[in-house]
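Undergrad: quick one: sequence and predicted model below, then my questions.
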Amino acid sequence: MCLDDSVLSVEKMIMQVANTVIPHKNITVKSNDTSWFNDKLRKLSGDKRYLFKVDCRHRTPTTTKNYKDISKQFENECKKAKKDYFRRMSNEMNTSSKLWWHMVKNTLNKQNSTSPPLLDKINDELVSETPGKAELLNKHFANICTMPTSELNDDPILVPKFSLHAMSTFDIYESEVFELLKRIDCSKATAPGLSGRILKEAGATVTPIITYLFNESLISEQFPKSWKLGYVTAIFKSGDCHSPTKLHDDNLYNWDEYLPARIFAYNTGLHSTTGYSPFQLMFACEPILPFDLPTSTITLTKPNDCWTQINQLTKTYKKNVKNNIIHQQQLCKQHYDQQRADPTYKPGDLVFIKQLGKRPKFGELYSGPFKVLQQQHPLTYSMEDDQAIIQQQVHVSRMEPVYERII
């Protein structure tokens, strides 16, 4: 199988799995819809057609009144939507000259840019044909050329077809591809089909097959044709959100449709805390997906080798997970302790204690001063008041040092 066929088959396989797992919907955009005809008007138009059929079937005062009311409401909403659309378009064109010229070109149906005609001063006529323009420009540049005649060279220098230097062979590794897939910016517009979001979310799974395709492309010195095609569709950033090209699902209560896809991604994705996916920790093996490369031959000398291998992998996973969790906890503690104050007090120091619970609006937030007796714990101290009547144990977060003012 050639490289182009391999790439197409891999993309087709990934899209089949994505269409099966990821919820999606098809949206039909009618060609006769105007740009100001939004979702609300489509709903009113459907209700209007339905009430018209009901009125034609029954012909009662109630059905006639309902049809007239919905027709009047539909007409008013159309006028309002059209007025708002042109007002918004006018405001946008007043603030941006680029949008104004874009509207002018679309109105005049000028999609192709053309250069203006040139004036032939010798014959005193306008030249609009492309060959004539080129000949006129050649004569003009030849007349203003300052290069001496002796340095002119009518014979062009032959440029070698192939480079004299060749790139040394090298291999692309899975770790490099995986790091690049994790850094894909999903906010940028992508071509239809296999999107950047799918490659990023399924990076741990599709990395081996993509690495294989990259290396095959370098070995065969070919670039797949499908990778050269990209009909980019811009994502919605501004403008009319009711435009047919920017339709979205208005149903905000279909969250249960996305649960299988999220659960699948959670169970098969690598977790930063443990370094493994829940599937690996549960079954002591990586998940096998439809677009994974088939493994080579597996040799088992004994019937119970599989059970022995599972036990060994389980012990290895548990050991590595424990070390990874401890490492992540240390990183979290270091990050937390960067901006954290760590005050220490000695016996005899005076401190204020923050009052907990309810207090009057203008009541004191701190009481004291209190004298520190001893440190009971790295974060707790025992102390007493100035009259040595009350002794209590206080957490360091409630304590503020007393600074004596010298006058």
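TA: Cool, the structure landed. Numbers count the residues shown, from 1 in each chain.
Undergrad: which residues of the stretch 301-407 of the chain fall in helices?
TA: 305-337 (DSSP state H, counting those that start in this stretch).
Undergrad: please identify the buried residues of the helix or strand where Lys43 lies?
TA: Using DSSP states H and E, Lys43 falls within helix 39-58. For helix 39-58, a neighbour-count test (16 or more other C-beta atoms under 10 Å) marks 41, 44, 48, 51, 54-55 as buried. For every residue, glycine as well, the C-beta is placed using N, CA and C.
Undergrad: the helix or strand hosting Arg88: what's the following helix or strand?
TA: In this assignment (DSSP H and E), Arg88 forms part of helix 61-95. Of the helices and strands lying after helix 61-95 in sequence (DSSP H and E), the nearest is helix 97-108.
Undergrad: about what we covered before: the helix holding Arg88 - contacts with which helices or strands?
TA: If you count contacts as 3 or more C-beta pairs under 8 Å, 6 or more residues apart in numbering; DSSP states H and E, helix 61-95 packs onto helix 39-58, helix 97-108.
Undergrad: could those go into JSON lines alongside distance to Cys2?
TA: Putting these into JSON lines (distance: least, C-beta to C-beta, whole Å) gives the following:
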{"stretch": "helix 39-58", "distance to Cys2": "46"}
{"stretch": "helix 97-108", "distance to Cys2": "42"}
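Undergrad: thinking again about what came up before, tilt between the helix holding Lys43 and helix 61-95?
TA: 160 degrees (axes from the mean of the first three to the mean of the last three C-alpha atoms, to 10 degrees).
Undergrad: centre of the chain to helix 39-58, how far?
TA: 40 Å (C-alpha atoms, centre = their mean, to the nearest Å).
Undergrad: now swap in stretch 199-209 and tell me
TA: Centre-to-centre, stretch 199-209 and its host chain are 16 Å apart (C-alpha atoms, centre = their mean).
Undergrad: using the three-state scheme, assign Ile288.
TA: coil (DSSP: H, G, I helix; E, B strand; the rest coil).
Undergrad: and what of the one 5 residues further on?
TA: When the structure is reduced to helix, strand and coil (three-state DSSP), Leu293 reads as coil.
Undergrad: repeat that for Ile172.
TA: coil.
Undergrad: separation between the closest residue in space to it that isn't next to it in sequence and Ser220?
TA: Excluding its sequence neighbours, the residue lying closest to Ile172 (C-beta to C-beta, 6 or more residues apart in numbering) is Phe214, at 4.7 Å. Distance of Phe214 to Ser220, given as C-beta to C-beta, to the nearest Å: 11 Å.
Undergrad: where are the low-confidence patches of the chain?
TA: Across the chain, the ranges flagged by pLDDT under 70 are 27-33, 109-114, 149-168, 189, 230-256, 290-291, 294-301, 303, 388, 407.
Undergrad: what's the domain layout of it?
TA: The chain breaks down by automatic domain parsing into domains covering 39-108, 118-145, 284-337, 350-401.
Undergrad: so for Asp5, which of these sits nearest?
TA: Using C-beta to C-beta as the criterion, the shortest distance between Asp5 and the domains of the chain is 15.2 Å, found for domain 284-337.
Undergrad: what lies in contact with stretch 395-407?
TA: 343, 345, 349-354, 356, 366, 368-369, 379-381 (C-beta atoms under 8 Å, 6 or more residues apart in numbering).
Undergrad: how does it look with 6 Å?
TA: Residues outside stretch 395-407 that contact it (C-beta atoms under 6 Å, 6 or more residues apart in numbering) are 350-354, 369, 379-380.
Undergrad: list the buried ones in that stretch?
TA: 396, 399.
Undergrad: picking that back up, neighbour count for Phe214 and Ser220, which is higher?
TA: Phe214 (15 against 11; other C-beta atoms under 10 Å).
Undergrad: ok, that one to Leu289 distance?
TA: Taken as C-beta to C-beta, the span from Phe214 to Leu289 is 19 Å.
Undergrad: got it, and Ala202?
TA: 8 Å.
Undergrad: looking at the two, which is more packed in?
TA: With other C-beta under 10 Å as the criterion, Ala202 and Leu289 differ in neighbour count, and Ala202 comes out ahead with 20 against 15.
Undergrad: number of nearby residues for the spatially closest residue to the more buried one that is not a sequence neighbour?
TA: Spatial nearest neighbour of Ala202, excluding adjacent residues (C-beta to C-beta, 6+ apart): Ile14 at 7.6 Å. Here the number of neighbours of Ile14 (other C-beta under 10 Å) works out to 22.
Undergrad: where do the strands sit along the stretch 201-350 of the chain?
TA: Applying DSSP state E, counting those that start in this stretch to the stretch 201-350 of the chain gives strands spanning 350-354.
Undergrad: returning to what we had before: now the angle from the helix holding Arg88 to helix 97-108?
TA: Using the same axes, to 10 degrees: helix 61-95 against helix 97-108 is 120 degrees.
Undergrad: the helix or strand hosting Val10 packs against which elements?
TA: Assigned by DSSP H and E, Val10 belongs to helix 3-21. Secondary-structure packing of helix 3-21 (3 or more C-beta pairs under 6 Å, 6 or more residues apart in numbering; DSSP states H and E): helix 203-220.
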